[in-house]
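Enquirer: Fold the stuff below for me.
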Amino acid sequence: MSFLKLCFINADENRNLASAFSVERAKLPVTYFIMQSTIIDKVTGAVSPKRIEAILYKFLEHYQKELHVDLLQKRNAESLQGERGEAADGSDFRSPLPSATPADLVKGASTNFLIEKIFNALVGSERIRLPEQAEQLDGLKKTLQQAKQKAHDELQRLFKELGLDMRRWSEAELTAHYYKNPVFIAMGVLTALEGLFLARSYAALGDIDLKNVQWARNDLMKNFEPVLGEKKIKLCVALLDANVVKGQLRTAALLAGQDANRLASTLAAMEADQPDHSAPEQQQIAELQDMAAFIESQRAHCVQALQLIDEHIDTPHLLMEEAETDSFPQATMQGLFEQLQSLMRQRRQLQAAAAPKSATTTATASDLVAADAAPLIDTTAKRLHLIQQREDHTKTLITCIIQIYSQHPQSHVARSRFASLLY
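Expert: Next up is the predicted model:
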């Protein structure tokens, strides 16, 4: 009997049930047994225990076939073993409740409880490992959507209870009574977790478009700006950004590998066609060899940055609400600052070199077409693009570490140093 639950029916979504109930109102009391929006059985008047048992067995038979759970043969002590997932014959059976009634579990749980469960699955020690455990994302996605809908409904009720739909409030009143309300904060945390969910899928599986991740981040920044300082939200935003960089690094590493193969093929073909090269051809070969070395450094950057993210940013045992005072990655941060200074210097040099070359190319295009010798290969634009990409990645990683260790004294020092470099 502990299986039975009271529930309400949404007449707009379940018109067949609503119409059935409205017809039978005059015959109360009527007991309906419903499964997946379908009336399985109904009893008018008092329900005998034997009738209830017979109807419940209909449910059990259905779930046994659909979910591969042994429900009909478990009695007494064997029933207790079944609840722990230990079948008497050693077969792999599971308790029916987590699988059979996820919607009921979500509706009955508090929003904070759901937030902790989702947070642990995306951030904490119980984090889903990707891509190894990718099949678990579907269930997490559904839980996240239902939790967000639950939080949205609670926020709407709060909005009406405070009378925000009746008059315009001042910013001070909103901050005191609305933005600082746990309901608003919970909605902000779930929005941040949704963005992190998308970012993890983008980084590890590539099945989410980057634009969707950026949209989710922008939605958080726009609609929950007053609570961006909350610890869970700051941590989720830092991990979201780190996973975006991780996805970009994986793509960059793949492209660098393709570029390296093309350059190697081109150089091999040039060497095979003409062993003795003219001066312009030798200069072209030297430029391509230099570019091949640069592409190799791009691949090394991707590998190092991915390793840094896994060891110092997106690491479960480091992701606590307050980082320990002695755990700030000072050496890593120093390396990132030195790398950023070097990249900014290279970017300025390439920008300075690209400007006159662009003007010369425009002014002497006809001369180049008419020249007998082949024009020299210019890789400046390609180098500039990759250096700017590395610079953006490095800036993001510095920001992520500062956010994760925001309570650490060294984080404030790093923030000031970062600001001085940028401005």
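
Enquirer: those strands in the chain, which residues are they?
Expert: For the chain, the strands defined by DSSP state E cover 30-35, 38-44.

Enquirer: List the buried residues in the shortest one.
Expert: I take that to be strand 30-35. Buried residues in strand 30-35, counted by 16 or more other C-beta atoms under 10 Å: 31, 33. To be clear about C-beta, it is placed using only N, CA and C from the backbone, and glycine gets the same treatment.

Enquirer: try stretch 141-156
Expert: 143-144, 146-148, 150-151, 154-155.

Enquirer: what's the closest of the residues you listed to residue 338?
Expert: Comparing the buried residues of stretch 141-156 against residue 338 with C-beta to C-beta places residue 144 closest, at 39.4 Å.

Enquirer: contacting residues around the closest one?
Expert: 118, 190, 193-194, 197 (C-beta atoms under 8 Å, 6 or more residues apart in numbering).

Enquirer: So residue 189 sits against residue 231, correct?
Expert: No: counting by C-beta atoms under 8 Å, residue 189 sits too far from residue 231 to count as a contact (9.6 Å).

Enquirer: Would you mind listing the two of the buried residues of stretch 141-156 that lie farthest apart?
Expert: So, the buried residues of stretch 141-156 by C-beta to C-beta: farthest apart are 143 and 155, at 18.4 Å.

Enquirer: per-residue confidence at the closest residue to residue 240 other than its chain neighbours?
Expert: Nearest residue to residue 240 in three dimensions, chain neighbours excluded: residue 199, at 4.4 Å (C-beta to C-beta, 6 or more residues apart in numbering). Looking at residue 199, its pLDDT is 95.

Enquirer: what do you get for the one 4 residues further on?
Expert: Turning to residue 203, the model gives it a pLDDT of 93.

Enquirer: and what of residue 229?
Expert: At residue 229, pLDDT is 91.

Enquirer: one step back: contact partners for the residue nearest to residue 240?
Expert: 208, 213, 239-241, 243-244, 247.

Enquirer: Which members of the residues you listed occur in helices, if any?
Expert: 213, 239-241, 243-244, 247 (DSSP state H).

Enquirer: before we move on, the earlier item: any chance of the buried residues of stretch 141-156 in CSV, with pLDDT and distance to residue 34 too?
Expert: As requested, the buried residues of stretch 141-156 are exported to CSV (pLDDT from 0 to 100; distance: C-beta to C-beta, whole Å):
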residue, pLDDT, distance to residue 34
143, 88, 22
144, 91, 26
146, 88, 19
147, 90, 24
148, 91, 26
150, 90, 21
151, 91, 26
154, 91, 26
155, 91, 29
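
Enquirer: What about the closest residue to residue 188 other than its chain neighbours, how many residues nearby?
Expert: Leaving out its chain neighbours, the residue that sits closest to residue 188 by C-beta to C-beta, 6+ apart is residue 224, at 3.8 Å. By other C-beta atoms under 10 Å, 20 other residues sit near residue 224.

Enquirer: can you tell me how far residue 224 sits from residue 191?
Expert: Remark: distance between residue 224 and residue 191 (C-beta to C-beta, to the nearest Å) = 6 Å.

Enquirer: One more: residue 111?
Expert: 13 Å.

Enquirer: The two: which is more packed in?
Expert: Between residue 111 and residue 191, counted using other C-beta under 10 Å, residue 191 has the larger neighbour count: 23 against 20.

Enquirer: ok, now which ones touch the more buried one?
Expert: With C-beta under 8 Å, 6+ apart, residue 191 has these contacts: 148, 216, 219-220, 223-224.

Enquirer: from what I can see residue 198 touches residue 216, true?
Expert: Yes: using C-beta under 8 Å, residue 198 makes contact with residue 216 at a distance of 5.4 Å.

Enquirer: before we move on, the earlier item: among the ones in helices among the contacts of residue 199, which one lies nearest to residue 290?
Expert: Among the ones in helices among the contacts of residue 199, and counting by C-beta to C-beta, the member closest to residue 290 is residue 247, at 29.1 Å.

Enquirer: Can you tell me which of the contacts of residue 199 lies closest to residue 329?
Expert: residue 239 (15.5 Å).

Enquirer: follow-up on the earlier one: out of residue 189 and residue 231, which sits in the busier spot?
Expert: residue 189 (27 against 13).

Enquirer: The more buried one - nearest residue in space that isn't next to it in sequence?
Expert: In this structure, residue 189 finds its nearest non-sequential neighbour in residue 232, 5.0 Å apart by C-beta to C-beta, 6+ apart.

Enquirer: and the gap between that neighbour and residue 209?
Expert: 26 Å.

Enquirer: before we move on, what about residue 217?
Expert: 13 Å.

Enquirer: between those two, who's got more neighbours?
Expert: residue 217 (21 against 11).

Enquirer: What's the local residue count around the residue nearest to the more buried one when sequence neighbours are not counted?
Expert: Computed as C-beta to C-beta, 6+ apart, the closest residue to residue 217 that is not its neighbour in sequence is residue 195, at 5.2 Å. By the measure other C-beta under 10 Å, the count of residues near residue 195 is 28.

Enquirer: Residue 195 contacts residue 218, correct?
Expert: No: the pair residue 195 / residue 218 is not scored as a contact, 9.3 Å apart, by C-beta under 8 Å.

Enquirer: Might one say that residue 200 is in contact with residue 244?
Expert: No: here residue 200 lies out of contact with residue 244, judged by C-beta under 8 Å, at a distance of 10.1 Å.

Enquirer: Looking at the two, which one has more neighbours?
Expert: residue 200 (25 against 21).

Enquirer: Now do the contacts for the more buried one.
Expert: Contacts of residue 200 by C-beta under 8 Å, 6+ apart are 122, 130, 243.

Enquirer: who wins for neighbours among the residues you listed?
Expert: Counting by other C-beta under 10 Å, top hit in these: residue 243 with 26 neighbours.

Enquirer: how close does that one get to residue 60?
Expert: Distance from residue 243 to residue 60, by C-beta to C-beta: 42 Å.

Enquirer: what number of residues lie near the closest residue to residue 285 other than its chain neighbours?
Expert: Leaving aside its chain neighbours, residue 285 sits nearest to residue 270 (6.0 Å; criterion: C-beta to C-beta, 6+ apart). Neighbours of residue 270 under the rule other C-beta under 10 Å: 15.

Enquirer: Pretty sure residue 270 sits against residue 281.
Expert: Yes: the criterion here is C-beta under 8 Å, and residue 270 meets it with residue 281 at 7.4 Å.

Enquirer: Residue 134 - nearest residue in space that isn't next to it in sequence?
Expert: residue 205 (6.1 Å).

Enquirer: my guess is that neighbour contacts residue 130, does it?
Expert: Yes: using C-beta under 8 Å, residue 205 is in contact with residue 130, at 6.5 Å.
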